[in-house]
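1. Build me a model from this:
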Amino acid sequence: MAERFTGSFTQQEAISEEAIEAAVRILRSGRLHRYNVADGEVGETALLEVEFAQKLGAKYCLAVASGGYALATALRALGVKAGDKVLTNAFTLAPVPGSIAAVGAEPIYVDVTEDLVIDLEDLESKADQSRFLMLSHMRGHICDMDALMAICQS
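-> Next up, the predicted model:
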């Protein structure tokens, strides 16, 4: 049987003293964003990007300031352009359609079921309207991913 998550989706874990000290050190330095560095100095953001990329075995990593900006960056990386349509579930948080709009694309909302997951029948009926789907799982409710992938691959 698959492992089941039993933690809280809404309560964050405590921040370690080491992390708090690192944040205070950065705040005291005045170097609060990637471009506020002296000549020859490597900023904390660049160091984080390199370390994270190495951990993942990736060539590149880009740190961003919010989840919404991360989503918009991902859409751009996938080639979504102004005027494109992007399917997304209707029950979601504002950054999802906001990121679609931020790249000039248009969200196409897909209904959700009583279980608060994307309605796969509605998705299938709208799938020919777009090459892109931005799916968000809300409040720990996950749709039948095998069925979803079959729709996306058809």
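2. Now do the same contact list for L135.
-> Applying C-beta atoms under 8 Å, 6 or more residues apart in numbering to L135 gives the contacts 88-89, 118, 143, 148. No exception for glycine: its C-beta is placed from N, CA and C like everyone else's.
3. Reduced to three states, what does the residue most central in space within the chain come out as?
-> Among the residues of the chain, the one closest to the centroid is L71, at 4.5 Å (C-alpha atoms, centre = their mean). Three-state assignment for L71 (DSSP: H, G, I helix; E, B strand; the rest coil): helix.
4. Secondary structure element holding the residue nearest to it when sequence neighbours are not counted?
-> Nearest residue to L71 in three dimensions, chain neighbours excluded: S99, at 3.7 Å (C-beta to C-beta, 6 or more residues apart in numbering). Assigned by DSSP states H and E, S99 belongs to helix 95-102.
5. Quick check: next helix or strand after that helix?
-> strand 106-110.
6. buried ones in that following strand?
-> 107-108, 110 (16 or more other C-beta atoms under 10 Å).
7. any idea how far the residue nearest to the centre of the chain is from C152?
-> Relative to C152, L71 is positioned 18 Å away (C-beta to C-beta, to the nearest Å).
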